[in-house]
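Asker: Sequence plus predicted model, see below.
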Amino acid sequence: MFQGRLVKFFKYLALFIVSIIVLYLVLSVTIYRLSNFDKVECITSEVVYDFVDIQLTPREIFETGVLSKSVVTLAFENKRFFIESVDKQKLWKVNPRDMQKLGYTLSAKVCAQPLMFGGYGVAEVSNITKIDKQPIITK
């Protein structure tokens with residue numbers, strides 16, 4: 001008798017946990033993908049090279065953990081954008097420490113749609129140029 005109740009309890013517990021996960025994913029997709037369709041903002045600025053970039057915001061967990069996006073920070077107002085991993089590899093072709101020795105850094109043009117609930121959607125890196133400046137490196 002007691003085992004039957006215990007099995008039933010674990011079934012409902014598993015169903016509850018799965019429901020919470022599904023609800024989280026549905027809300028995240030709604031909040032972090034619903035864009036303002038009529039405009040795209042483009043920002044051109046120096047790339048900030050973050051070696052250790054850990055932020056545990058719900059958006060960060062959703063984009064990097066669930067969708068495997070990468071983060072790029074631009075020096076202009078310290079804006080952070082989520083980009084595809086392929087674009088991140090373009091920005092990190094050369095180690096920033098080596099760039100520092102050679103005396104140059106990269107400037108990137110990043111275009112993204114503003115989201116209805118704030119922030120930007122997944123951005124696209126459209127133009128990368130070398131500039132004669134020391135790279136901005138953070139830990």
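Answerer: Arrived safely. Worth saying up front: this structure is predicted, and the values here are computed from it rather than measured.
Asker: Now do the SS call for Lys90.
Answerer: With DSSP: H, G, I helix; E, B strand; the rest coil as the basis, Lys90 sits in helix.
Asker: which residues touch it?
Answerer: Shown in contact with Lys90 (CB atoms under 8 Å, 6 or more residues apart in numbering): Val125, Ile128. Bear in mind the C-beta positions are built from the backbone N, C-alpha and C, glycine included.
Asker: Relative to Ser28, how far out is it?
Answerer: Using CB to CB, to the nearest Å, Lys90 is found at 27 Å from Ser28.
Asker: what does Asn36 give?
Answerer: Distance from Asn36 to Ser28, by CB to CB: 18 Å.
Asker: Same question for Asn95.
Answerer: According to CB to CB, Asn95 stands 33 Å off from Ser28.
Asker: Among these two, which residue is more densely surrounded?
Answerer: Taking neighbours as other CB atoms under 10 Å, Asn95 and Ser28 compare with Ser28 leading, 17 against 11.
Asker: got a pLDDT number for the residue most central in space within the chain?
Answerer: By CA atoms, centre = their mean, the chain has its centre lying nearest to Phe82, at 3.1 Å. Model confidence at Phe82, expressed as pLDDT, equals 90.
Asker: for the one 4 residues further on, same thing?
Answerer: If you check Val86, the pLDDT there is 90.
Asker: Count the neighbours of it for me.
Answerer: If you count neighbours by other CB under 10 Å, Val86 ends up with 9.
Asker: That one in helix, strand or coil?
Answerer: Relying on three-state DSSP, one would call Val86 helix.
Asker: in this structure, which helix has the most residues?
Answerer: Counting by DSSP state H, the longest helix found in the chain is helix 2-33.
Asker: Show me what secondary structure element comes after that one.
Answerer: The first helix or strand that comes after helix 2-33 along the chain, using DSSP states H and E, is strand 41-50.
Asker: export that following strand as CSV, just CAs?
Answerer: Provided in CSV are the C-alpha atoms of strand 41-50 (Å, rounded to 0.1, in the frame of the first residue of the first chain):
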residue,chain,number,x,y,z
GLU,A,41,20.7,48.5,-34.7
CYS,A,42,24.3,48.3,-35.8
ILE,A,43,27.1,49.2,-33.5
THR,A,44,30.8,49.5,-34.4
SER,A,45,33.3,49.4,-31.6
GLU,A,46,36.4,47.7,-30.2
VAL,A,47,36.1,44.2,-29.0
VAL,A,48,36.6,43.6,-25.3
TYR,A,49,38.4,40.3,-24.7
ASP,A,50,36.9,38.6,-21.6
